[in-house]
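Student: quick one: sequence plus predicted model below, questions after.
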Amino acid sequence: MKVRLGSLEVRLSRYLALWSLVVLVFAMQGCVNDAVNAHLWSPDTYLRWSAVQWLTWAALAPWVFRLGERHPIPFPPRLRALLRHVGYSLGVTLAAMVIGAMVSALFEPGGFGDQLGQFISKHFATGLLAYWALLAVQQLLYFQAEKARRELEASQLATELAQSRLQVLKTQLQPHFLFNTLHAIVTLLDEDKVSAEDMLLRLSELLRAFLEDYDGQEIPLRRELELLELYLGIQRHRFKDRLTTRIHVAPDVLEAAVPSLVLQPIVENAIRYGIGQHVGDDRVEIDCRREGGVLCIDVRNFNSTLDEGGHAGGHGIGLSNTRMRMRELYGDAASLRLDLIVPRGVACRLRLPFRELDDDALPEHVPA
């Protein structure tokens, strides 16, 4: 069984043990006071008097907590709130005096009126202090709970804001890729209708995968590579023998968590600013491995260069959005940089905290 003190629940045994300690302390105080005055009663008498007084407050304490919860005192305190509790303290203390006098009349000589007079004359001021002490404890617990609630709400709002920003960045990537691919298909319609039709079929598969895939911000690297292969198939049709691709993945990183669609814009930039702008052939390589607690992904092409600002010909929305998504998801634990390959080429180096994605968070169907 539990005693409810506002929003706090306390086991009855602990609650009674606490008040029993209060009873014992005040019984000892009364005993010492009378011993100094050379008018000592038996120990059980002091315990009885103290028990009647403080166990009455033990019964009234939940009501004090309820009043404090319904009518909290703001900070800084307002006169109206203080006056309200002044009235409550007088009423509750008077109730404690009446209850104590009724119980005491069963054991002590004299009637209820005599006992009530004794309680009011000896214990009324102590009762007022008891009310305000209980109210102070309740207000302290109330403000701590409010602080925790506001911190939780602030954390939830920050998380929701970050998720909203991530979703905006993610939805920016898909139209960007879609328009570029459709433009590539249009250029092939007059030159190679068979290849254009095949690219449309692959595009439909890729779009279906986008729609059916897990709608979270992270997916396993294995699935990310499956989506990337659909995209690479489209680009190989577009550039024919001029473009070759190679993907090397260490077996122990296949289930590593990566931001969904993180590789597609990086590979798209490698193709766009490599073979897309320069004559000759090109090779795009993707290497995925683990180094300690870091997932390392390198995307390289060998037919582009970096401008003076260290960008692959102006990396555009793809890499900028990828950097922002990584910052939102991992903070400073992730990085993305571009390095020049000698004699020619650019490597995009992606570093993420290594973490395997929980299977329970994944959908049952994996698009092929």
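Tutor: Yes, it's here. Numbering: from 1, shown residues only.
Student: which regions of this structure lie under the pLDDT threshold?
Tutor: Per-residue confidence for the chain (pLDDT under 70) gives these ranges: 157-177, 180, 209-216, 307-318, 358-368.
Student: quick one: the helices in it?
Tutor: Along the chain, the segments classed as helices by DSSP state H run 12-36, 43-70, 79-104, 112-189, 193-212, 221-239, 263-272, 316-330.
Student: buried set for the last one?
Tutor: Residues Gly316, Gly318, Leu319, Asn321, Thr322, Arg323, Arg325, Met326, Arg327, Glu328, Leu329 are the ones in helix 316-330 that count as buried (16 or more other C-beta atoms under 10 Å). Placement of C-beta: from N, CA and C, glycine included.
Student: switch the helices of the chain over to JSON lines; also include distance to Pro343.
Tutor: JSON lines is the format used below for the helices of the chain (distance: least, C-beta to C-beta, whole Å):
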{"stretch": "helix 12-36", "distance to Pro343": "77"}
{"stretch": "helix 43-70", "distance to Pro343": "75"}
{"stretch": "helix 79-104", "distance to Pro343": "78"}
{"stretch": "helix 112-189", "distance to Pro343": "28"}
{"stretch": "helix 193-212", "distance to Pro343": "32"}
{"stretch": "helix 221-239", "distance to Pro343": "22"}
{"stretch": "helix 263-272", "distance to Pro343": "17"}
{"stretch": "helix 316-330", "distance to Pro343": "23"}
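Student: tell me the most buried of these?
Tutor: Ranked by mean neighbour count under mean count of other C-beta atoms under 10 Å, the helices of the chain are led by helix 263-272, which reaches a mean of 24.
Student: let me know the angle separating it from helix 112-189.
Tutor: 30 degrees (axes from the mean of the first three to the mean of the last three C-alpha atoms, to 10 degrees).
Student: okay, the angle between helix 263-272 and helix 221-239?
Tutor: Taking the same axes, to 10 degrees, one finds helix 263-272 and helix 221-239 inclined to each other by 30 degrees.
Student: can I get helix 263-272 as CSV, trimmed to CA atoms?
Tutor: The C-alpha atoms that make up helix 263-272 are tabulated as CSV, following Å, rounded to 0.1, in the frame of the first residue of the first chain:
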residue,chain,number,x,y,z
LEU,A,263,26.0,7.5,-51.2
GLN,A,264,23.8,8.4,-54.1
PRO,A,265,24.5,12.2,-54.1
ILE,A,266,28.2,11.6,-53.5
VAL,A,267,28.4,9.1,-56.5
GLU,A,268,26.3,11.5,-58.5
ASN,A,269,28.8,14.3,-58.0
ALA,A,270,31.7,12.0,-58.9
ILE,A,271,30.0,11.2,-62.2
ARG,A,272,28.7,14.7,-62.9
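Student: so Cys296 touches Val258, yeah?
Tutor: No. Using C-beta atoms under 8 Å, Cys296 is not in contact with Val258; the gap is 11.6 Å.
Student: follow-up on the earlier one: between the helices of the chain, which one is nearest to Met1?
Tutor: Proximity to Met1 (C-beta to C-beta) singles out helix 12-36 among the helices of the chain, at 4.5 Å.
Student: gap between that closest one and the chain center?
Tutor: Here helix 12-36 is found 45 Å from its chain centre; the criterion is C-alpha atoms, centre = their mean, to the nearest Å.
Student: same thing with stretch 183-193?
Tutor: With C-alpha atoms, centre = their mean, you get 48 Å for stretch 183-193.
Student: can you check stretch 128-146 too?
Tutor: Using C-alpha atoms, centre = their mean, the offset of stretch 128-146 from its chain centre is 29 Å.
Student: same deal with stretch 27-37?
Tutor: With C-alpha atoms, centre = their mean, you get 56 Å for stretch 27-37.
Student: ok, stretch 49-56 next?
Tutor: Using C-alpha atoms, centre = their mean, the offset of stretch 49-56 from its chain centre is 47 Å.
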